[in-house]
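Undergrad: Fold the following, please.
(chains A, B, C and D)
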Amino acid sequence: MSDATAATATPDREDAPRSLWRDVWDQFRMHRGAMVGLFVLSTLLIFVLIGPFIWTAEPIRVNPNTAEMFRSRNLPPSWSNPFGTDQVGRDIMARLMLGGKVSLAVGFVAMSVAVFLGTLIGLLSGYFRRLDGALMRLTDLFLSLPLLPLILVLTFLYGPRLKEMFGPNLGTFFILIIAIGLTSWMHVARIVRGQVLAVKEREFVLAARSIGTPARRIITRHILPNVLAPVMVAGALGVANAIITESVVSFLGQGFQSDFSTWGSMLNSAYYNQTYPMQMVWPGLAISLTVLSVNYVGDGLRDALDPRIRGR
Amino acid sequence: MPEPLVTVDDLKMHFPIYTGVFRRHTGDVKAVDGVSFSILPGETLGLVGESGCGKSTVGRALLRLYEPTAGRVVIDGDDVVSLPPEALRKKRPTMQMVFQDPQASLNPRMTLARIIGEPLDEHTDWPKAKKLERVYELMDQVGLNRRFANRYPHEFSGGQRQRIGIARALALNPKFIVCDEPIAALDVSIQAQVVNLLEDLQEKFGLTYLFISHDLSMVRHIADRVAVMYLGKIAELSPRDALYARPLHPYAEALLSAVNEPDPVRAQSRKRIILKGDVPSPANPPIGCNFCTRCPKVFDRCRVEKPALREVEPDRFVACHLFDNIVAGPTGAPEASEHNQQGVTQ
Amino acid sequence: MKLRTALMGAVAALGLAPAAFAERGADGHVNVLYWQAPSILNPYLSSGTKDVETASLVLEGLAGFDEKGVVIPRLAESVPTVENGGISEDLTQITWKLKPGLLWSDGTPVTSADAKFTWEYCTHPEGGCAQAARYEGITSIDTPDDLTVVITFSGPKPNPYQAFVGGTSPILQAAQFANCLGAAASTCSEQNFKPIGTGPFVVKDFKVNDVVELEANPNYRDPAKPAFATMTVKGGGDAQAAARAVLETGEFDYAWNTQINPEMQAQMSAGGKGVLLNGFGTLVERIEMNMTDPSPSLPEGERSTTKHPHPFLTDLNVRKALSMAIDRQVLVDIGYGAAGRATCNLVPAPEMFASPNTDCLTQDIEGARALLEESGWVDSDGDGVREKDGMKLKVLYQTSVNPVRQDFQAIIKSFWNDIGVEVELKQVDASVFFGGDAGSPDTFQKFYADVEMYANNFDGTDPEPYLGQYLCNKIPAPENQWQGENVNRFCDPAYDELWLELSKTSEMEKRAEIAIRLNEMLTKDSYVIVPLVDRGRLSAASNTLGGVVLNTWDTELWNAQDWFRIK
Amino acid sequence: MLTYTLRRLLVAIPTLLLISLVIFLLVDLAPGSPASEIPLTVPAEVRMKMVEAMGINEPVHIRYLLWLKQFFWTEPLYAIDAAFGTSYADGAPRIISYSSKVPVMDYIGERLPQTLTVIGTAYLIAILIALPIGIYSAYRQYSWFDQVGTFVSMVGYSVPTFFTGLLAIIIFTTWLGWFPSIYNTSLQVVDWATFKQQVRQMFLPVAVLALFNAAELSRYTRSAMLENLSQDYARTARAKGLSEGTVVLKHVLRNSMIPVITVITLGLPAIFAGAIVTEQVFKINGIGAALIGAIHVNDLPVVQTIAFITAILIVLFNLVADILYGILDPRIRYE
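TA: Predicted structure coming up:
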């Protein structure tokens, strides 16, 4: 064992604390798929977040100089437009960056909402027996709701109200996050509850109680870290799910308006310009790659966070 | 005569059962059903019995890790059962526990230093350095290399983990420690080390133990007095030597007959009593004596009336109708053995 | 214009094909695709083209229009004129004679009473008739005998070919609809889905928003027609899929309104299975300005009503500037190619009714900016958006979901941004936008937006009723169940007066002059309507489908009885 | 077992009621009262009737009860009447679509067969593909077959169906012209030719849906198999000298199927949601397309009904999954 030799080499007190995350990372690195996924995901993130600072083409604006605009339509990939241009001459790369920012933001925020809700409900129902029945009924109830129709109905019926309150783009953003967040926390809650029930019976929780650690800190110190692994995995998969859901909603024309592109709505509009199928391939590829890499990262996380595997 | 440090009075721990379509409360698992005993300061009380007889439950209910259904547990002057939450929290440093499974009782996501330091985090407002100093001190006391402070439990062997658990229990200078089968999950070679450590610590700090175990020889080694439990009740409570020499309760007798006798002569002369039948379900104990279904000396009364735990000889308490006509001497609380008396902190 | 010559050649070839169809139903089955699926087959309860045109396979009027816009008799023996005595000298009465021996598809005779009933049906005050405009000005309909229909107008009616003419005002069978008058109209599912008619086909099965199965009408007046025994009118999908199904895969024989971008027109035509048919009619893609306030902060029932004038679109300079900023030719090139041409007119055809105005064809960004400055709209806070009195120049621009319109929106948005107008885009599903469902907040009639874009046309050759849509009393409002056509809520007494004059004028030259004037009042003078593109109709027909003649003046299925299979 | 089943059934009822309440309130509480959602084109008299049917003037809970009554009492009566020619319903008000003025149940009845045919076939095929792949890749863990299979299922699971669907349309319909681009809902399979036609038009949507579901299912099967392959009983069986085939296919498979069957049952309603997208992409006029259409035209009765029917299906399949689990796995029956 390498760290044992390292430990003997260093004087007693100065054995640096080995953080949990260090271990996780070491294990994570062993998962080839996850590493590739992480690489692709980071590349995509850099592309979407930092890209616009380097690639400054306007994603929304159509060149009002009509002659120029006309010359720059439907161009194939080139140095000046690495992914080509769309049917009114907008740079597809710039649109992909903008769309990606929106898609990823929706994905991450909606997932955070879902994970937060799910963890909270799972913890409460797992730890406090009195709440368990009611909360699990609630979870079952939500699991039995037809989700995609519900999301569509929510965005359709309540979207306009939010758009009035926050403006069209922010309003759509909120309604999507609320709709997706509200409809995807259940799996996290179930996983967390199951884990909490199992962890709660472990003796170290009893030990903590015998020490006199209050419930609040037992949850945060002992239970939460030990259910974190599945939560993180569920969270990773939740991002994938949220991104797909957002793109489905946009694709069905219920999401953001056409000038505020997301990958889903780009795919939708490219569909109508099939003479140039590449215009459809880019956003589709972006969604697929993101989801695929997120799934792989989730897989790797699952392995890395499993202390049984890590211990070996 | 010193006051007992721990007095348990008619402790009951029932777990409800819900059955049927409507999940009605149809009965209880009577894991602990009216247990009383007391432990003197510095004394070690062994609690033995088959697995499932409720001994671990007693230990946990004692420290109020379970909410007892009824009864009183006075530890160092306070009734633990009725303490309000905050007072209970304040009380916790006095009473600690060492758990059976050293693997399960340590949070796999915390380093050794944090595990041992947790009681300090909860009950002191010491600066970090002082806490760390105390952690190192505790590690020295249980024989753990200070270098290991930042490692995780999975990096240790079973014996080392149990030392961690002991160090954690010691952190707040408790008076009373419940050792809940602390050696059951360990290799035989390590068991002795841990038991010796416990004994050393008891000597050093004047600790009082409730030593729960199904290993009768280990109990014989460490305990001053021994309580034998059967199906949620104490069958016999006697000083160690008396019990091992001459068990009174038929169950204790059967149990002890199974202990390996180091002396081959005595071993030969001894008859192993094989009990027939199974332990009845604690959800549905017999009407009479809990042991009546398997007792070799059973008679009619046993099947209809539960025997009470009575002192039948000085310091010896038995719950058995066989001893009904024997009246014990006017002795009060049993005498504690002498060698643990020193070092009792007040 | 290669495409067009090719089309014309094809049409000519079809016309010359031997007329070897002598027997009804001999050519089997024909597949027609209306990608906006028909939801009802009673044109009086829907203004949707898809519904009207599909219904025209079953229901017919007394007359219709041919591909040149000439009135042709259908159920009538001949077209009444002043010359043949069918129209009274004072233009207040027209007398139609039914062909003798006409039968409904159920075998009962067609009588003048059916026509009279239809008039009563549509003019019933509680019926919510979508085609009430066709019956305007009729004071009475008399039926001196079973074959004669005498329509009397309240005043001289220079263009009397409205009631019972064209696909939008067919004759219903009185017997079938007797219990569906007024309030009961919309509850008559059976009648509305399977009307008994005189057309070449009868409905066999109708699946709402999906498919209509038809079969040849056994009692059709020409025993040799239709050549097809059965017909399917399928709904669903989009224009692109529809075009492909005819041109590339050949699954369908005819697809309606296959509006696809020029690139795809070329690509799909190369498929070789069919041809795109196009013809210019009166269909004009335009932007309509809302003269009333659509603000959502107003209570429901007051939004977009004349109670609240629009905060800035009532300013002529703003409207004009918005128009000037648009380069129409670019829109044509991107969206329609050969199937469109830039226009400044609401009434682009027939020629004599079209205004010569071409002012709007050149984009003038500078001029537009100047106009806004002049009206006091300046960008004082430097955010690129002009404001006045604390109000931002911000428009909500809605249209139906349609890829071409979305491109137009994006382009026009950037034109408008260029002159300092903030634009929010909104797209509404076409079936909702044009669905006329007063329950939806997103219909073009409700107009809960500042400007909206769509295309409209008039059927027949006379723009009088079309121009009549912009009278003060045609404003959609909650009181009339949002059914008016004056979506801009334009109201000018001078316009109303001039239109009244048009309705009293019978001399053609004079009528044209007034119509041009009215057209200009709406466009060039007031910019309440900003025409963009004169759109040809673009439909696709299989090479094996004979007899198809694209008609821009009536329903596209106007001569379905003459269709045949080229073998 | 009976108690267990009974208990599950009893739990399902309040769940359903709660769901119906949620769906009802969600639509009911949406901005704009339900009365204002009746098109204004509906004449006043009809309007009154519809209002009466909905009980709009009543407080919320009464309206909800009325809706429940229509759903669970009136509509079944109509169904019985239609089936046996009786007239129990006696003209009681039905749930009527706002936009096309047909009873919602009739409308859904027209659309449901399309959806069921496509989805049912797709799911069946997905199961048939997924099980062997999952079993074999677990059996040969880390073999190239397993590696490739895992990657492919990961891709299949990650790439959204609307993208694969569109690609499939462009490649197979537009470029290659192998399949029809319009789904013919009125096609009746009567002979070989129409059967071939039906297969052709179903091929793409079924393939896309099936691949997506197969990816997910094979992952489950694989991990369930893996878990059981390393269990003691598998080792014991091998030690007993049983053939590999018997060990894997009889012992391990049987135990692995318990979670897999549950996943299959639970997954069924979820793919109804997936069908919305597939139907939109492949232009199948099924129930998903009806829902989207109804949402677009604000046809609340249709939206409510379809959402609730889907919910019923979900609850039903949950129930089936639970009971199946109880039958297959004796452990969980114990109270």
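Undergrad: For residue 207, which residues are in contact?
TA: Picked chain A for this. B:97, B:99, B:105-106, B:165, B:168 (Cβ atoms under 8 Å, 6 or more residues apart in numbering or on different chains). Backbone N, C-alpha and C define where each C-beta goes, glycine included.
Undergrad: not quite, I wanted chain D
TA: Contact partners of residue D:207, counting by Cβ under 8 Å, 6+ apart, are D:122, D:168.
Undergrad: Just want to check the distance between it and chain A.
TA: Taking Cβ to the nearest Cβ, to the nearest Å as the measure, residue D:207 and chain A are separated by 17 Å.
Undergrad: State the pair within the contacts of residue A:207 that is farthest apart.
TA: The largest separation in those, counting by Cβ to Cβ, is between B:97 and B:106 at 13.2 Å.
Undergrad: These two: which has the busier surroundings?
TA: Neighbour tally, residue B:97 and residue B:106, criterion other Cβ atoms under 10 Å in any protein chain shown: the higher count belongs to residue B:97, 30 against 26.
Undergrad: Chain neighbours aside, what residue packs nearest to whichever residue of chain C sits closest to chain A?
TA: Using Cβ to the nearest Cβ, the single residue of chain C nearest to chain A is residue C:403, 3.3 Å away. If the residues on either side of it in the chain are set aside, residue C:403 comes closest to residue A:272, at 3.3 Å by Cβ to Cβ, 6 or more residues apart in numbering or on different chains.
Undergrad: Check residue B:281 too.
TA: Closest to residue B:281 by Cβ to Cβ, 6+ apart is residue B:29, at 7.9 Å.
Undergrad: The one you found contacts residue B:285, correct?
TA: No. Using Cβ atoms under 8 Å, residue B:29 is not in contact with residue B:285; the gap is 9.9 Å.
Undergrad: The residue of the stretch 201-350 of chain C found nearest chain B: neighbouring residues, count only.
TA: Here the stretch 201-350 of chain C gets closest to chain B at one residue, residue C:208, 44.6 Å apart by Cβ to the nearest Cβ. When neighbours are counted by other Cβ under 10 Å, residue C:208 registers 25.
Undergrad: Just the pLDDT for it.
TA: Looking at residue C:208, its pLDDT reads 83.
Undergrad: Now do the contacts for it.
TA: C:39, C:193, D:97, D:100, D:102, D:107, D:110.
Undergrad: helix or strand for residue B:177, which one?
TA: strand B:176-180 (DSSP states H and E).
Undergrad: Given that strand, what are its sheet partners and their directions?
TA: Paired neighbours of strand B:176-180 in the sheet (DSSP bridges): strand B:95-98 (parallel), strand B:208-212 (parallel).
Undergrad: Remind me what the helix or strand just after the shortest one packs against, helices and strands.
TA: Elements were assigned by DSSP H and E; along the chain past strand B:95-98, the next helix or strand is helix B:112-123. Packing contacts for helix B:112-123, counted by 3 or more Cβ pairs under 8 Å, 6 or more residues apart in numbering or on different chains; DSSP states H and E, involve helix A:203-211, helix B:128-142, helix B:158-170.
Undergrad: can you tell me the distance between the two ends of stretch D:134-150?
TA: Across stretch D:134-150, the terminal residues are separated by 9 Å (Cα to Cα, to the nearest Å).
Undergrad: List the buried residues for that stretch?
TA: Within stretch D:134-150, the residues scored as buried using 16 or more other Cβ atoms under 10 Å in any protein chain shown are D:134-139, D:146, D:149-150.
Undergrad: which helix is the longest one in the chain?
TA: Assuming you mean chain A. In terms of residue count, the longest helix belonging to chain A (DSSP state H) is helix A:92-127.
Undergrad: Wait, chain B was what I had in mind.
TA: Max-length helix for chain B by DSSP H is helix B:188-205.
Undergrad: Quick one: residues in contact with that one.
TA: For helix B:188-205, using Cβ under 8 Å, 6+ apart, the contacting residues are B:42, B:44, B:98, B:141-143, B:157-159, B:162-163, B:166, B:170, B:173, B:179, B:182-183, B:186, B:207, B:209, B:211, B:215, B:218, B:221-222, B:340, B:342-343, B:345.
Undergrad: now the angle between helix B:158-170 and it, please.
TA: 20 degrees (axes from the mean of the first three to the mean of the last three Cα atoms, to 10 degrees).
Undergrad: Just the CA trace of helix B:188-205, in PDB.
TA: Extracted C-alpha coordinates of helix B:188-205, given in PDB (Å, rounded to 0.1, in the frame of the first residue of the first chain):
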ATOM      1  CA  VAL B 188     -10.200 -15.000  19.100                       C
ATOM      2  CA  SER B 189      -6.600 -13.900  19.200                       C
ATOM      3  CA  ILE B 190      -7.700 -10.300  19.400                       C
ATOM      4  CA  GLN B 191     -10.500 -10.800  21.800                       C
ATOM      5  CA  ALA B 192      -8.200 -11.200  24.700                       C
ATOM      6  CA  GLN B 193      -6.300  -8.100  23.800                       C
ATOM      7  CA  VAL B 194      -9.500  -6.000  23.800                       C
ATOM      8  CA  VAL B 195     -10.800  -7.600  27.000                       C
ATOM      9  CA  ASN B 196      -7.500  -6.900  28.700                       C
ATOM     10  CA  LEU B 197      -7.600  -3.300  27.400                       C
ATOM     11  CA  LEU B 198     -11.000  -2.900  28.900                       C
ATOM     12  CA  GLU B 199      -9.800  -4.300  32.200                       C
ATOM     13  CA  ASP B 200      -6.800  -2.000  32.200                       C
ATOM     14  CA  LEU B 201      -8.900   1.000  31.500                       C
ATOM     15  CA  GLN B 202     -11.300   0.000  34.200                       C
ATOM     16  CA  GLU B 203      -8.500  -0.200  36.700                       C
ATOM     17  CA  LYS B 204      -7.000   3.100  35.500                       C
ATOM     18  CA  PHE B 205     -10.200   5.200  35.400                       C
END
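Undergrad: tilt between that helix and helix B:128-142?
TA: Going by the same axes, to 10 degrees, helix B:188-205 makes 120 degrees with helix B:128-142.
Undergrad: how distant is helix B:188-205 from the center of its chain?
TA: When distances are taken as Cα atoms, centre = their mean, to the nearest Å, helix B:188-205 is centred 16 Å away from the chain's centroid.
Undergrad: Output the helices and strands packed on helix B:112-123 as JSON lines; include the columns distance to residue A:84.
TA: Converted to JSON lines, the helices and strands packed on helix B:112-123 look like this (distance: least, Cβ to Cβ, whole Å):
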{"stretch": "helix A:203-211", "distance to residue A:84": "58"}
{"stretch": "helix B:128-142", "distance to residue A:84": "59"}
{"stretch": "helix B:158-170", "distance to residue A:84": "62"}
